[in-house]
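> After the sequence you'll find the predicted model.
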Amino acid sequence: MNVSDVSLDQRALDGAAACLRNGGIVAYPTEAVWGLGCDPDDGEALARLIKLKSRDAAKGLILIAGDIAQLEPWLAGITVEQREQLLASWPGPYTWLVPDNGRAHPLLRGEHVSLAVRVTDHPLVQALCAAFGGPLVSTSANRAGESPAMTADEVRDAFGDALVNDVILEGPLGGNPRPSTIRDLATGKVLRA
């Protein structure tokens with residue numbers, strides 16, 4: 001299935017957004033792999049997500065949005081030139097490390113002084129962010145050291161009953177062969193190609 005042909009089920013999107021607002025976790029397809037997300041301001045949801053993945057909390061997580069306006073509170077303080085650089089790459093599979101202006105929850109940022117942000121071009125994720133009313137956490141749907149899930153069934157196999165009260169939002173992957181490129185906005189250095 002072509003991602004541009006995605007039929008958006010508003011009832012499913014509203015249910016997933018409600019799950020996020022109630023401290024739950026949503027599994028959803030991204031541009032390249034299945035992701036797990038939660039409310040980026042909910043410390044309990046962030047801690048649960050990190051525990052679910054057996055992820056080192058020091059690593060931090062990515063904040064994904066449907067449009068740049070949703071990221072504005074986290075982008076306050078960047079220069080006009082830096083904003084232009086972001087806009088030139090979004091929407092798309094480009095994650096940028098931006099200086100943390102104090103807005104990010106410590107579990108979202110991890111041990112870093114920067115925050116990873118992306119504006120997605122995946123229509124289902126854009127619609128989920130719109131239904132939720134803002135950006136959400138995006139991390140690959142897998143436990144630490146395992147391969148990311150490529151299907152909803154793989155998400156179910158990987159996490160089983162641990163997601164029983166959460167939502168798996170069905171849909172196709174975006175067709176990218178690998179996860180997003182990660183680049184540092186301050187230095188331009190590519191950290192993941």
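Arrived safely, thanks for sending.

> Would you map the helices across the protein?
Using DSSP state H, the helices found in the chain span residues 10-21, 43-53, 72-75, 80-89, 106-109, 123-132, 152-159.

> So for this protein, which residue is the most central one in space?
Against the mean C-alpha coordinate of the chain, by Cα atoms, centre = their mean, the closest residue is Ser138 at 2.0 Å.

> ok now do that residue, which residues does it touch?
Thr30, Gly35, Leu36, Gly37, Leu61, Ile62, Leu63, Ile64, Arg118, Thr120, Val125 (Cβ atoms under 8 Å, 6 or more residues apart in numbering). Every C-beta, even on glycine, is put in place using the N, C-alpha and C of the backbone.

> Distance of it relative to Arg183?
According to Cβ to Cβ, to the nearest Å, Ser138 and Arg183 sit 16 Å apart.

> And for Asp157?
For Asp157, the distance to Arg183 - Cβ to Cβ - is 33 Å.

> For these two, work out which one has more neighbours and name it.
Using other Cβ atoms under 10 Å, the more surrounded residue of Asp157 and Arg183 is Arg183, with 20 against 10.

> wait, doesn't the more buried one sit right on Ala193?
No. Using Cβ atoms under 8 Å as the test, Arg183 is too far from Ala193 to be in contact (9.3 Å).

> And the contacts of the helix or strand of the chain with the lowest mean pLDDT?
Scoring the helices and strands of the chain by mean pLDDT, DSSP states H and E places strand 190-192 at the bottom, with a mean of 89. Strand 190-192 has contacts (Cβ under 8 Å, 6+ apart) with Thr95, Leu97, Pro179, Ser180, Thr181, Ile182, Arg183, Asp184.

> And the residues you listed, which is closest to Leu8?
Closest approach between these and Leu8, by Cβ to Cβ: Ser180, at 22.1 Å.
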